[in-house]
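Asks: Attaching a predicted model along with its sequence, questions to come.
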Amino acid sequence: MQVDLFDFDLPEELIAQTPLANRTSSRLLVLNKETGETEHRQFEDLAAYIQAGDLLVLNDTRVIPARLFGVKRDTGAKAELLLLKALGGDRWETLAKPAKKLRAGTVIDFGGEPGKPVLTAVVEEEGDMGGRVVRFEYAGIFNEILDRLGSMPLPPYIKETLPDRERYQTVYAKHEGSAAAPTAGLHFTEAFLDKLKDKGVRIAFVTLHVGLGTFRPVSADTVEEHEMHAEFYTMPEETAALIRETKQNGRRVIAVGTTSARTLETVAQRCEEEGSEVHEMRGWTSIFIYPGYTFRLVDAMLTNFHLPKSTLIMMISALAGRERVLAAYREAVERRYRFFSFGDAMFIH
């Protein structure tokens, strides 16, 4: 299957650069995955499409201030690291800029004064497409230093600065470790979640720490050639029990975002292999969902609008059909929806 089949024209001015003042004031495009019918609503209208007994599954990962700006110790030239995965022993998988200048053995200093940095990184391994494994040296508590020196890792298509870091976190963010926000969840407020609970909608959480795959484009010509990078996930028993009960009652499991969907489908696949019902689980997943895939657990999905030719638009095309998704995207462009991380939402049911 050609990657170009998932391309579409998007005017640059539709890429949302800043979040709305009110999280729930975004627009909502509703797509019926069976008929292709679309409706154009406001986000708070989502409550009308979710019924008592349905289960809303949210990703409670918390974004760390993972972008570090420093200087090479030998030349004083600027260098940048984006932390992607903790490897243990103060070693991290990172994306580095300018990667060609950051060879194994390079020392990068962050913060402090010349000769007295607050944090130092030593490049230990070189990977492809800017990937570097670094080892940090510091005195004190790493997370506190990172909170002081790091910046939020906003996607490269966002050019504006973000004065309030919490606006790139969901209101339910809990477990630190993500290099990007699960952006479908940015639309929710505590009040709106309470409104859904009052209606009888059940709420559950999984954790998937968004990593390298989010920042790497699909460079292959065909979908089948693309390789996903692994990300760490956790399915708590409390959530597993709610999923079992929801399915037994004939109600829907609704994934909030592609990260929640990937976690749910990873668990479903592994339980299927075991011949077991859904249960508590954690591990690494590199699941790649594209048309031809049959969803095991996810019945509906809330998501933002995704980049052309991305693995994310391929995933929602697996749920609703490529032609229906691209037709809905054309409508979204015509009606001037806001796209990507700080943009509007789409509900596929």
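Replies: It's in.
Asks: I figured residue 126 hits residue 101, correct?
Replies: No. In this structure, residue 126 is not within contact of residue 101 by CB atoms under 8 Å, at 11.6 Å. All C-beta atoms are positioned from the backbone trio N, CA, C, and that covers glycine.
Asks: Give me the more crowded residue out of the two.
Replies: Using other CB atoms under 10 Å as the criterion, residue 126 and residue 101 rank with residue 126 on top: 16 against 13.
Asks: Now that one: phi and psi?
Replies: phi -110, psi 130 (degrees, to the nearest 10).
Asks: show me the residues around it that make contact.
Replies: Counting by CB atoms under 8 Å, 6 or more residues apart in numbering, residue 126 touches 103, 104, 132.
Asks: Where neighbours are concerned, which of these has the most?
Replies: For those, neighbours were counted using other CB under 10 Å, and residue 132 has the most, 25 neighbours in all.
Asks: which parts of stretch 28-41 are buried?
Replies: Residues 28, 29, 30, 31, 33, 38 are the ones in stretch 28-41 that count as buried (16 or more other CB atoms under 10 Å).
Asks: State the mean pLDDT of the lengthiest strand in the chain.
Replies: Ranked by residue count under DSSP state E, the longest strand found in the chain is strand 78-88. Averaged across strand 78-88, the pLDDT comes to 93.
Asks: Would you mind writing the CA trace of that strand as PDB?
Replies: What follows is strand 78-88, C-alpha atoms only, in PDB (Å, rounded to 0.1, in the frame of the first residue of the first chain):
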ATOM      1  CA  LYS A  78      25.000  25.500  20.100                       C
ATOM      2  CA  ALA A  79      23.500  22.000  20.600                       C
ATOM      3  CA  GLU A  80      20.100  20.600  21.300                       C
ATOM      4  CA  LEU A  81      18.800  17.400  22.700                       C
ATOM      5  CA  LEU A  82      15.300  16.000  22.800                       C
ATOM      6  CA  LEU A  83      14.900  13.300  25.500                       C
ATOM      7  CA  LEU A  84      12.900  10.300  24.200                       C
ATOM      8  CA  LYS A  85      13.500   7.300  26.400                       C
ATOM      9  CA  ALA A  86      15.200   6.700  29.700                       C
ATOM     10  CA  LEU A  87      17.600   3.700  29.400                       C
ATOM     11  CA  GLY A  88      18.700   3.600  33.000                       C
END
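Asks: ok, now which ones touch the residue nearest to residue 118 when sequence neighbours are not counted?
Replies: What sits nearest to residue 118 in space, not counting adjacent residues and going by CB to CB, 6 or more residues apart in numbering, is residue 111, at 3.3 Å. Shown in contact with residue 111 (CB under 8 Å, 6+ apart): 70, 117, 118, 119, 145, 148, 149.
Asks: What is the one helix or strand residue 240 maps to packed up against?
Replies: When elements are assigned from DSSP states H and E, residue 240 belongs to helix 237-248. Using 3 or more CB pairs under 8 Å, 6 or more residues apart in numbering; DSSP states H and E as the contact definition, the elements that helix 237-248 packs against are strand 55-59, strand 202-208, strand 253-256.
Asks: Can I get the ones you listed in JSON lines including distance to residue 217 and mean pLDDT?
Replies: Below are these laid out as JSON lines (distance: least, CB to CB, whole Å; pLDDT from 0 to 100):
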{"stretch": "strand 55-59", "distance to residue 217": "22", "mean pLDDT": "98"}
{"stretch": "strand 202-208", "distance to residue 217": "20", "mean pLDDT": "98"}
{"stretch": "strand 253-256", "distance to residue 217": "23", "mean pLDDT": "98"}
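Asks: Give me the number of neighbouring residues for the nearest residue to residue 289 once chain neighbours are set aside.
Replies: Of all residues beyond its chain neighbours, the one nearest residue 289 is residue 315 (4.5 Å), with distances taken as CB to CB, 6+ apart. A count of neighbours around residue 315, defined by other CB under 10 Å, yields 25.
Asks: How much space separates residue 315 from residue 67?
Replies: When distance is defined by CB to CB, to the nearest Å, residue 315 is 26 Å away from residue 67.
Asks: again with residue 54
Replies: 37 Å.
Asks: How about residue 208?
Replies: 20 Å.
Asks: Can you show me the strands along the stretch 1-150 of the chain?
Replies: 27-31, 38-42, 55-59, 61-63, 67-72, 78-88, 91-97, 107-110, 119-126, 131-138 (DSSP state E, counting those that start in this stretch).
Asks: right, I mislabeled it, should have said the stretch 151-300 of the chain
Replies: 175-178, 202-208, 231-235, 253-256, 281-285, 300-304.
Asks: Would you mark the buried spots in the lengthiest helix in the chain?
Replies: In the chain, assigned by DSSP state H, the helix with the most residues is helix 258-274. Neighbour counts over helix 258-274 (16+ other CB under 10 Å) mark 258-268, 270-271 as buried.
Asks: how far out from the middle of the chain is that helix?
Replies: 16 Å (CA atoms, centre = their mean, to the nearest Å).
Asks: from the contacts of residue 111, which would you call buried?
Replies: 70, 117, 118, 119, 145, 149.
Asks: Report pLDDT for the fourth one.
Replies: Here, the pLDDT recorded for residue 119 equals 98.
Asks: if I read this right, it contacts residue 147, doesn't it?
Replies: No. Under the criterion of CB under 8 Å, residue 119 makes no contact with residue 147, lying 11.7 Å away.
Asks: ok so, going back, quick check: which of the strands of the stretch 1-150 of the chain is nearest to residue 297?
Replies: Set against residue 297 and scored by CB to CB, the strands of the stretch 1-150 of the chain come closest in strand 55-59, at 8.7 Å.
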